[in-house]
Every structure is written in C-alpha cells, then in structure tokens.
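*Asks:* Everything below, folded, please.
(2 chains)
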Amino acid sequence: AGQDVGRSCILVSLAGKNVMLDCGMHMGYNDDRRFPDFSYITQNGRLTDFLDCVIISHFHLDHCGALPYFSEMVGYDGPIYMTHPTKAICPILLEDYRKITVDKKGETNFFTSQMIKDCMKKVVAVHLHQTVQVDEELEIKAYYAGHVLGAAMFQIKVGCESVVYTGDYNMTPDRHLGAAWIDKCRPDLLISESTYATTIRDSKRCRERDFLKKVHETVERGGKVLIPVFALGRAQELCILLETFWERMNLKAPIYFSTGLTEKANHYYKLFITWTNQKIRKTFVQRNMFEFKHIKAFDRAFADNPGPMVVFATPGMLHAGQSLQIFRKWAGNEKNMVIMPGYCVQGTVGHKILSGQRKLEMEGRQILEVKMQVEYMSFSAHADAKGIMQLIRQAEPRNVLLVHGEAKKMEFLKQKIEQEFHVSCYMPANGETTTILTNPCIPVDISLGLLKRETAIGPLPDAKKPKLMHGTLLMKDNSFRLVSPEQALKELGLAEHQLRFTCRVHVQDPRKEHETVLRVYNHLKGILKDYSVQHLPDGSITVESILIQATAHSEDQGTKVLLVSWTYQDEELGSYLTSLLKKGLPQSTP
Amino acid sequence: QQHEDLSTKKLRLTKPSKSAALHVDLCKATSPADALQYLLQFARKPVEVESVEGVVRILLEHYYKENDASVRLKIASLLGLLSKTAGFSPDCIMDDAINTLQNEKSHQVLAQLLDTLLVIGTKLPENPSVRMRLVEVACKHLTDSSHGVRNKCLQLIGCLGPVEKGATKEAESQAAKDVQKIIGDHFNDQDPRVRTAAIKAMLQLHERGLKLQQAIYSQACKLLADDYEQVRSAAVQLIWVLSQLYPESIVPIPSSNEEIRLVDDAFGKICHMVSDGSWVVRVQAAKLLGSMQQVSSHFLEQTLDKKLMSDLRRKRTAHERAKELYSSGEFSSGRKWGDDAPKEEIDTGAVNLIESGACGAFVHGLEDEMYEVRIAAVEALCMLAQSSPSFAEKCLDFLVDMFNDEIEEVRLQSIHTMRKISNNITLREDQLDTVLAVLEDSSRDIREALHELLCCTNVSTKEGIHLALVELLKNLTKYPTDRESIWKCLKFLGSRHPTLVLPLVPELLSTHPFFDTPEPDMDDPAYIAVLVLIFNAAKSCPTMPALFSDHTFRHYAYLRDSLSHLVPPLRLPGRKLVSSAVSPSITPHEDPSQQFLHQSLERVYNFQHLDPQGIQELLEFTIRDLQRLGELQSELAGMADFTATYLQCQLLLIKALQEKLWNVAAPLYLKQNALASAAAKQILEETYKMEFMYSGVESRQVVIIHHMRLQAKALQLIVTARTTRGVEPLFGMCEKFLQEVDSFQRCFISELPHMQGSFVDKLLDLMPRLVTSKPSEVVKILQTTLRQSTFLHLPLPEQQLHRATANIIEPTGESDNPLRFTSGLVVALDVDATLEHVQDPQGTVKVQVLYPDGQAQLIHPKPADFRNPGPGRHRLITQVYLSHTAWTEPCQIEVRLLLAYNSNKSKASTRIPKSTWSESLEALPPSENGIEGTIPFSKPVKVYIMPKPARR
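*Replies:* A predicted model of the protein is given here:
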C-alpha cells in the first residue's frame, strides 16, 4: 500500500525477523494486480521459511483479501495473527468476495471455500494488550484502533527494537466504536495509514445531525432514501444512529437492511461488545444496541412499495449488486435521495454521480437520468491529519513511515511531521524498501559483585542518568559479559601486564637533594590534603601509589630532576601531579 | 455530673489491666506470628486516653526487642493509631518515635514510622519547633532508596513544612524556601510515585497557605510530558494553581521571542492535556479549564476553533455555514449540492496541525470517547460562558450539538448549562430547531430540563415562538404527563416575548375577521397551553386583548380562577381588575407585613402584666393573625407559621396549667386531665415539627424548641403523677426526666445565660434538691416552677425560614376507576410529588400507604428517585408497590408523604463534639438514645384500588 489505497501488504525486517503486515487485495483491478506480488518476498524457497509471522490488522478486504491466496495457493504455513472479531468476521467477507468473483464473474483459478477454511485454521487469535511471543525473540501486542470492529494496531518487538503498525485507525469515537489508543511505547518506527493526510474534519456531531436531518426531511416528504454501504463497519454505525433517532423521535417509516452477510455479521457485533464504545458497553445489559427494533431485513420486492422508506444496500460504491438495482429504480424521482456515506473509487457509479453527472450510461447502452438528490456525507472512520498527529504524539516514535494514502497528500503530512516532531518521516512507493537505522541497545551481563562495587563509588544511583563503570567486556560464545579485569585475565589465561608512565620534571633548586625532596613533600602535602603523601626513608615520596624521586642533574647542580612514576590505573592523579610539579615549587623562605 | 464522675472512675479501674494484659501477651508470644496475632487483637479494642501513654511505652519496648519486620510494622502502625486518640497529646512519644527511625533497616517499617510521625505532627499544629524537627527528620530520609519512604517523607514535608513567611525572621523564610526547593528537587525523581508525591506535597503546601514560587512553573510544565498518568494529572493541577497565583506574569514562548501572560500559557498547556492519552488526565484538565477565568478572550475563543480542510483547501464548518444561511436571510433549505465544497486553497506552510495553543480544546473535549470527559467539558464551557458573554455566544453551537449526545447525562448536563447561560444569549432559528427537536426525547428528565431552559431563553423571531409553541404542543400530545411543565414553560415564553406573540394571536386563536369560528374545548390541555402563552404576553401588551373574541374573555375568567398561578391578572376593557394584587414595588425590608409580624410578636412577649384570660385571648388573636399573614405573604409564610406554632404551644401549655384539676384530688378528674395530657402530647408533636420541618432554623431557636419540649415533658410527668396510683412507676419517670434536664444542660450550656427566669433556669437551681427528693416532691416542685416560669422570647432567625412542604401531583385522587389487581400479587402505583425546602430528602422522606383496615405501610424511596430541579426543590418520582388480600368491593387507600426525623441526629446533638473511636463503643449516655418519628407533611391522596381474589 505504498502511496496508494488498497492492497495493503508490508514486509518488515526487524533484527533478523521478517514479519508481513496485512495481506490485502485491490478493489480496482481484476487481473493479477489485485493481489500483492508475493514473489517479491523470496524468489526461491518457501515463504514459511522466510516469514516469521503474518499479522492482519482488521477484516476489510483491502487488508485481508489476499490471505487465502497467499497461504493456500502460494503456500505459507506459519502463524497468522489477528484479533478475535477479525477472525470471526474475516471468513464471511472472504467467502462473499469469492462468490462474487467466481460465481458472478465466472473466474477460475481463484481460491475456494475450502481454502478459506484451511487458511483460517492457521490463524492465532490475540486479545487486546496481550503480549504474544511468536518465538523467543519476536513478540507482538495489539492495541485498540477504532476503525471497524476488531481493528487493531500491532506493536512488533524484537529485543529493544520495535515497530508499530497502525492498520487503519480512527481517533474520534463514533456511535459504536471508541477511539484508537496507544501508550507511550516509543517505537523505533511507526507505520501509519494516511488516507486523510490533508483533511481536518468537522466535528462528527454536525455530520450526524446533517445526516439525520436529511433523512428525516426526505422521509417526511414521502421520499425514499438509499444509503449504499459496505456490509460491515460504517453500516452498523449508521444503523445505530438511525435506530436511536427513530426511537427518540418515534418515527414509523420502515428501515431496511439488505440481507445476506449482514445478519451473520450483526450476530458477531452483538457478541463482541467489549470491542465497542462506552455507551454500548454500558447499556448492553438492558438492551444490546445491535438488536435493532426498527431495522428489518430487505426483500427485493420492497423496493417497489409505495411510501417512504430507508434502505441500506450493498455495495457501497454503487458499482454492482443490490444497491445499483435499487438506485436504478429510484433515480427518476426527485423526491428520493441517495446518500453516499463513504469514499468512492474512480470509475464507479458512485463516483460519477458525486462528481455531478446527471446522465449515466448503463450497461446495454441505456441512459439513466438521475433526478433524485445526491448527498455525500463523510462517515469514513479513518484518522484525519489531526488524528494522525495526535497518535504520533501519543506513541512518540523515532521514525514515521506513511502508507495507505496518496503520494501528494503524504508529502504534505510528511513535511508537517518532520517540522513539528523533528523525527524523520518516510513514504516509500510500492516495491520500494526503506532502511531505517536504529540505535539498538545490547544487553550485557554483569557480575553482581562488580555492579555492587562500582555503584558503591560515587553518588547514589539514578536510573535516569547513565553511569560510567570500569570493567572488561568479554565477547565469548555469542554473549556479552562485563567482568572485572582480574576475572577477565583469569578466564582468558593471560598474565597481567603493568604499564608504568615515568616522567622527569626539572626543578630549579640550588639546595641539596634531600632538602628539595623535603620541600616537594611539604608542597604536595599542603596541596593534596585528601591523599596520603608519604616521605619514605630512602628519600623518595609516594603519593598513593605514585613514586617521586629526586636526583641532581648531572650537569647542572642547581637543577634537580624529579622522577615521577605511576601506573596506568593512576593516570589521572599522575598527570595531575606532573603538571603540578611542572609549575614549579613555591618560593619558600628557608 | 454525678454519674459522669462514676464512669470516669470505672475507666480508671480498667486501665492498668489492659496495658498489662498486652504486656503479658507480648511477652508470652513465642513466635513473631503469635505476637502479630496479639497485636491485631489488641488493635480491635479501643484504648482510653489516660492509658495511651503507658501502652505506647510497652509497645516501644517490644519494638526494640523485636527482630521480625512485620511485627515492627504493626507496632509502628499502632503507634500512629494510638496517637490519633482524642485528648491525647503525642509530644511525649515523639522523641521515641524519632529514635526508632535511626536504627530501622526495613523500608516498609521506616515508611510506617514516618506515617506515625505525620500523625503526631498533625496532632500538634501549634508547635512550630516540633514541626521543624519532624521536617528535618523527613529531609534526612529523602535519600532513602525505597520509593515508599521517600513518598512518606514528601507527604510529611507537605503537611508539616513551615508555611508562615515571617519577614522579620530571616531564617524561617529561608526554611520555607528550602522546603519548596527540596520538594522541587524530587520532581525529577526516578520513581513516578515519588514524583506524584512531590507534586501533591507542593499542592498541600499551597493549600496550607504557602505562596509557591513562580520558578516551579517551568518544572511543572516539563512534568506534563511525563510517562505516568498520575504524575501528569497532578502536574495539571499544579499548573492550574500557579496560573491562579501568578496570572499576570509574563513567560516566554519557547522557539520564538514572544512573551505571553502566564495564565494564557497555562491555559494553552492545560488545553493541550484535553487530548491526553489517559482519560483521567483529560477529565482533570477539562474540569480545571472551567475555573480559569482570567484567561484572555483571544485564547478562550481559540478553544472552539478548529480549522477544517479537505485536500488542502479551506473548508467552512457546518456551524459557519448555518450562520451564513441565516444571515443571508434564506430560510434553511440546505438542499444545495456541494454547499460544503471546499473553498480557497490553504498555504501549506501556514497550517499548524498540532497547535501549541488552546486550539480546539473544547471541540476535542466535547467529542471525547468517555462521557466523563464530555461532561467535564460541558461544565467547563458553562463556567467560562457565564463569565464571558461573547464566549457564551460562540459556544452556543457546540452546546446545541451536545443535545444530541448518545448518553443521557451528557444531554441533561448540556441543557442545564444552556439554561445557566441563557441570559447571555439569543437563540437563532436553526439552533432553536435543534433544541426543540429534543422535546421528543423519551426521557422525562430531559424534557423537563428543556422546558426549564425554554422558560428563560430569548428567541429572536416570531417564527421562533411559533415553532416553539408547535413543538411544545406536539410534545403535549405525545407525553400528556408533561402538562404542568409545558404550561409553565409557555407562561414564561409569553411574558418574555410579548411583541413576538402579538402578530401570532389571530392565528393561534384561529379567529377570522368575517366568520365566527367554533368555540374551542375548554378542557383541552393544548388550548389551555395556547391561552397561557397569550394571556402572559397580553400582560405587558395592552393592545392584545382587542384581538380576543368573546369566548376568550370567558375562558380567561375561568382560567384566572382555576389556574391562577399560570394566568396573570389582566387589565381588560370593561372589566375590573380581577384581583387587587399586592403591589410588588415595595422593597422587602420596608415591607409593612414584616413590620406587622414583628409588632405582633413584640406585643405577645410583653404580656406579663396581663391577666390569664387576656393572655389567652391575645395569643389566640396573634396566632390567627400570623396564620393569615402567612397565607397572604408567601415569602413570610415560613416565619409566620413557625412563630404561630410556637405561640400555639405556649397557649396550650397555659391552658393546661389553668385546668382546675390541679386543685382537686386526682381520681375525681380523670376525664378533665385528658385535656392536659392531650395538650402535652400535642406540644411534643409541634416541637418536633418546629425542629425538623423548617429549613434555616438556627441553634438559638433550637434551644427554645427543646425548652418547650422539656416543659411539655414536665407537664406529662405531672399529669401521670396525678392520675396513677402507687409510686413505683414514678421513680423511673422522674429519673428519666432528670436525665433529660441534664442532657439539655449539657447540650445548650452556652445558651443558658440567655434563659434567665425560664423553666429550665429555675429547675437547674433546684437540681440538688430534686435529685435527692422523692417523686411526689419532685412533681410538686415541677408544678410550681412550671407555673412561675416566664415565657421565653423566640428570637427570629436572620435568614428566611422555610417550611418543608410536599405536594403529591400523581396520583391525583380523582379517578373513579379502581386499580384492579389480583390479591397476593403486587401492583405498582406511580407517585410523583414535589418537595420544597426539604433537607436531605433521600434520608428523610418516606411514603406512607394507609389501607382501609388501618394497616399502614411505610415505603423508603430509592435515593435515585429524587431529582433536584432547582435549589430547595426536589421532585420525587417513584413507584409504590401495593398488595392486599382480596376485597369484595373497591375501596380507597390513602397515600401521603412523611418526613422522618431522629432526635439523635438533630441539630442539637451535632453540636456535641463527635465521639472518637475510643469512646464510641463504650456505651453512650442513655438519654442520647433518640426518638425516631415521622411528621406527615403532605395532603393525603386517595386512591381507589380493588384486589381481586385469585382465580384458581
């Protein structure tokens, strides 16, 4: 879904793991282009060996439509992850899709019902916020995404690198679903959809009110209202909206819903109450909102009935099926109205009437004059530009990658994201690979003794600040360990080498050697109060473990040579001493 | 006093045994688990004040010996509990408690000990040196590695840190500064719980009066981006506090050179939190927004602003479109294709998707997923709109939108909000349309709230009025029970917009210039509704009656009588003004009626020199006057009734005392004393009414009422003494009475000086004699004192007195159709009543059902059945379940409302300091055992019911 909508399929390689996100089809094509090109993943060898898992975000066909083809016809036996509602509803939609393609259009070489069943057997269902270990290193976690029932965002994590894939999501709650939510998981990469990258929508209340007003007015005039919808998702929202409105206003005009898969799907909506919004969750004990009182099943014959009515019919873009039939019947009457609640792909009847065409050429050279009113109401449940920004703010990713949108619009959003969050943003085209550098942290084992010893030095540990430690990094058998130098030496069987620095400092002092030494001793004693400065009987001075000896210069008796010698461990003190001595001794009165 | 002494003695006896027992137990304990058990048992029992110290010593002793951390923990918590004991001053154990801290290794025990210190510190508020010491101790432990200990330390500093800034004492202000700095340092602690505790401690300091420094602001702002919700939530609060403290100081905007006021900046930041990830924070932020009234209007209006765009082109919001339609004068057709088509191109650079400012905060808040956030946002809108009319105008659209929310509470809340700001706004027609659509809502609360709203809304056009009327009538036909509420609503609507109603009159009355139209049905509620609207408008529009037809005038006269609260007096041509209403121009404090009240009372209180007959007459007249006054002047009704009741009591008492029976041997006058005992009984009842049925009664009145009750009890005692033979029952009664006198004295000790020469005053003088003397003598003394005592002056309370009243609206009691049900099963009777001036109706109001066989049933309505539509008013909508055995004929039952009272919970006993845990379980004084009772305070309503025998 790089820079276009439909055929969502993204391959992520994360720390050596390969994950495929979504496996969708494209509505616009009927040839090979309708499915993703799976040969791109691997030319030779089985997909099962290459992919660690497949994740499906929600049940829309542009996110799961190619799944049976992929798993059964191309061949994949690994795990497929999706949420419970998705798993329940997905096969219904796939079956419907198969029927239309095979039975209606008569295509061969398409997946069969059995293949759908086999495919669903490979599915592992996950709960919200449940962390699933795919293998030892790879784990995934689902977050609520709004959009449709069961839609989820997935966090994929290997070690400390992580990717969040949003699928489609919605940041404003609607009549039956809540808003998408994610915690501050700070992923390395956020893959976000961007369908409405350049839109900021009006408040949903105005939209709802407009919609209800239009329907109400038409019905009061005695007109018929046709609402083409996709069977699932928006349809349920609009149903609830109309149902509650009918109930509140005590209206009598019948509402119909074209039968078929809806009833089955509605059943699932009733079951997965926990996935819906606050209102439905709270009231379902008294009455399940999906048990409609006013909405009845539609029969073909009802379309010719006199009097007002409201009909929900599939499909949503008026390109075929029942909605188109009803549209043909009703188009001639200016009292009637058609409300397009969602996006229409170019080339469909829906798109044509929305762009203002009043004369349509139908199959068989018929010309259909459209007299009925045409309304467009955006009820699409995608996040708008503000919503996308809000999600980015919530998750705080280090990189953002935009998919599932149009290139021109993405460009705008990309620029905004970079400007406001100062994170880099990518928008690869189909088939393009984006490589993102992460800053992986590598866990290292440390022995407890060393840790305790090192933390004991210096101020109290503060988890927010990094702390410097001394130790030896051992890389052995593919593992990292931090041990003390002594132990490292022991383990590796090496002898310890001592590294000593020596330095000569020339000091102008005419006095005798031992007097000079005494002066140096007093001087150092005066300055380095915290250290143990000792004057040894053999005429040398030790500061901690640093040795200072003084000898007269062989040529000039007035110059004394101070020999300073220290080990590597005492480098800091040693160099400090040298620089101190280089400054010379204070002029003391004898 | 005597028995008090006794009881303290008793306590002293038990004291050593208790602490000793503990000591023995703890010594016996072989294992830590055992010791823990003993301690747990010990903790269940209260400890008296005197022995606390001893117990503490024993506990400490064991504390030092104990090796097990859990036992030490329990001891530490016990120490805290013990130092809470009322009357115990814990400064003596403070040193020990601090000492124990020194050697403690376990973090949990440390935290518990600090908690104990906190208790000790709060018990000693007047001791700054102790506090300083405790704060120092806390500071020392701030470096502890356990979050629990740090938490407690911060809490302690917050609660005890010095707040008084003595300008003279340099050192102290230094310390105060330090406290803030110490707490501020922990804003960056690694543990979120400690960060939260630090912010809370800071807030605590603020609450205690310390002025927080502005420097904290930037720190707090950083905390807004914290990972943990409780930290963010606390930080939002802190920012709010700071914005209230330093609203006008200037802060720079990062990444630019501009500067803005702090309150604006804080407002912007809190607005930002309205779109936080956690709903707890969102609720918090939305709530606080409401109280930031100093914010500049520019920022305020941004909160409702959300730039729309579609494919990078500017789009107008639906609100803007609606407004334009309206201002262009076009009646909303809304049928144009593409009227929401995007207009101009937007400069991509200029669009700021996440504004740092307040942009659209309320738009987001009102659309939030959780209704808690939406309600909070609506409340905040309400508060801000009340202080800014221009903002009120702007937020109207959004509020109207909220009328369609999916959750009823939110709808209700937004309707209430709208009502509160309604004097600032005028509704446009399209808005009115949406508002009125809600009238069809199936929820009664919503509809009634909406009626209330319409009562005080301004409508701009006559079409608006017409629309409102039509919708209200629709509402009336759909829900006939809303009748009263709709009429009331139309009354206000009419009187507010007389000029808008005027052009509508012919249409509404369906009069025709040439033809006579049929006379409408007078009983039609819809017709009455229209008339109510018109008559109220006509009150201030003298030209209107000219448009009325004959029958309208007739109907007016009828309605003026039957629904006088809805139909105002009109100056109609050719008719006299129907009632000479009291002119409202006189201001209340010059009110002659008030003066009259005072004068008549004055007169009564000076009656001492009158003869008994004269006193009685005077009282009777005054009572009559007062009662009449109460009927005439509704605002004085409470006061007049209250005093009348009191005088009535006095009258009864005087009458009873003048009975001849006192002079004659008792057995002969058994009949006559019925009057006296009845009087005593009635006085008792009346005093309870006085105490519990009026709101606004002050303690001064309560004393007098109690005093009257005491007199009545004395009377009762005398009457019984006269009529009963034998002495035994009298002993108990006398003792009981004396106890009551005693408790009266204890309750009202401060009021006694005002009661010179009264019954109680005299009685207390005679107390030593009474206690020792025989019952017969007691009775004699009582009788004489009762006669000699003066009549106490009842001071009037400063504020208004209101009598609790109830009115049962439903059932109406008019129905002739009996409610039939099968005997043995239940039938639900809907009861709808309005209550006025009832305090705590949930606890006190009961429904009583009286069956014809004398059986009475008392029903406690659920708390949720009470609604509160306005201050002092309540509405009870409940269902009463009735059941009975089969009857042969339908019969009437009575339903009435009762006000329950409990003299234990009376205003008098709340004045006694609440007993603490150590005392509460050791028996209360017996006289405190209250008398529970009920006062009927509504007219009974009769309901016809018919339980049928069950068919087999």
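*Asks:* Show me the helices in the stretch 301-450 of chain A, by range?
*Replies:* A:321-330, A:349-354, A:385-395, A:407-421, A:448-456 (DSSP state H, counting those that start in this stretch).
*Asks:* how about CSV for those, with distance to A:Met153 added?
*Replies:* Where C-beta positions appear, they are placed from N, C-alpha and C, glycine not excepted. As requested, those are exported to CSV (distance: least, C-beta to C-beta, whole Å):
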stretch, distance to A:Met153
helix A:321-330, 31
helix A:349-354, 29
helix A:385-395, 9
helix A:407-421, 17
helix A:448-456, 37
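*Asks:* okay if I get the ones you listed as CSV plus mean pLDDT and distance to chain B?
*Replies:* Below are the helices of the stretch 301-450 of chain A laid out as CSV (pLDDT from 0 to 100; distance: least, C-beta to the nearest C-beta, whole Å):
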stretch, mean pLDDT, distance to chain B
helix A:321-330, 83, 17
helix A:349-354, 80, 9
helix A:385-395, 85, 5
helix A:407-421, 85, 5
helix A:448-456, 72, 11
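*Asks:* Rebuild these as a markdown table, extending it with mean neighbour count.
*Replies:* Formatted as a markdown table, the helices of the stretch 301-450 of chain A follow (neighbours: other C-beta atoms under 10 Å in any protein chain shown):
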| stretch | mean neighbour count |
| --- | --- |
| helix A:321-330 | 20 |
| helix A:349-354 | 21 |
| helix A:385-395 | 23 |
| helix A:407-421 | 18 |
| helix A:448-456 | 12 |
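*Asks:* and A:Tyr144, which of these is closest to it?
*Replies:* Evaluated over the helices of the stretch 301-450 of chain A, closeness to A:Tyr144 peaks at helix A:385-395, with 11.9 Å, by C-beta to C-beta.
*Asks:* got the angle for the closest one vs helix A:407-421?
*Replies:* Comparing the axes of helix A:385-395 and helix A:407-421 via axes from the mean of the first three to the mean of the last three C-alpha atoms, to 10 degrees yields an angle of 40 degrees.
*Asks:* moving C-terminal of the lowest-mean-pLDDT helix or strand in chain A, what's the next helix or strand?
*Replies:* None of the helices or strands of chain A scores lower by mean pLDDT, DSSP states H and E than helix A:448-456, at a mean of 72. Heading C-terminal from helix A:448-456, the first helix or strand you meet, by DSSP states H and E, is strand A:472-476.
*Asks:* Give the pairing partners of that next one; include direction for each.
*Replies:* Note on strand A:472-476: by DSSP bridges, its sheet partners are strand A:479-483 (antiparallel).
*Asks:* in the strand it pairs with, what's buried?
*Replies:* Neighbour counts using 16 or more other C-beta atoms under 10 Å in any protein chain shown place A:Arg481, A:Leu482, A:Val483 of strand A:479-483 among the buried residues.
*Asks:* ok, so of those residues, who is nearest B:Ser414?
*Replies:* A:Leu482 (61.6 Å).
*Asks:* How far does the least confident helix or strand of chain A sit from its chain's centre?
*Replies:* Here the centre of helix A:448-456 is set off from its chain's centre by 38 Å, with C-alpha atoms, centre = their mean, to the nearest Å.
*Asks:* Let me know the angle separating it from strand A:472-476.
*Replies:* Going by the same axes, to 10 degrees, helix A:448-456 makes 150 degrees with strand A:472-476.
*Asks:* Tell me the spatial nearest neighbour of B:Trp279, not counting adjacent residues.
*Replies:* Ranked by C-beta to C-beta, 6 or more residues apart in numbering or on different chains and with sequence neighbours excluded, the top spatial neighbour of B:Trp279 is B:Met370, at 4.6 Å.
*Asks:* Reformat the buried residues of strand A:479-483 as CSV; add pLDDT.
*Replies:* Conversion of these to CSV gives the following (pLDDT from 0 to 100):
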residue, pLDDT
A:Arg481, 78
A:Leu482, 78
A:Val483, 78
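*Asks:* closest to chain B among the residues you listed?
*Replies:* A:Leu482 (22.0 Å; C-beta to the nearest C-beta).
*Asks:* And the helices in the stretch 601-750 of chain B?
*Replies:* With DSSP H, counting those that start in this stretch as the criterion, the stretch 601-750 of chain B has helices spanning B:612-632, B:637-657, B:673-692, B:699-723, B:728-747.
*Asks:* JSON lines please, covering those and showing mean pLDDT.
*Replies:* Converted to JSON lines, the helices of the stretch 601-750 of chain B look like this (pLDDT from 0 to 100):
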{"stretch": "helix B:612-632", "mean pLDDT": "79"}
{"stretch": "helix B:637-657", "mean pLDDT": "80"}
{"stretch": "helix B:673-692", "mean pLDDT": "79"}
{"stretch": "helix B:699-723", "mean pLDDT": "80"}
{"stretch": "helix B:728-747", "mean pLDDT": "79"}
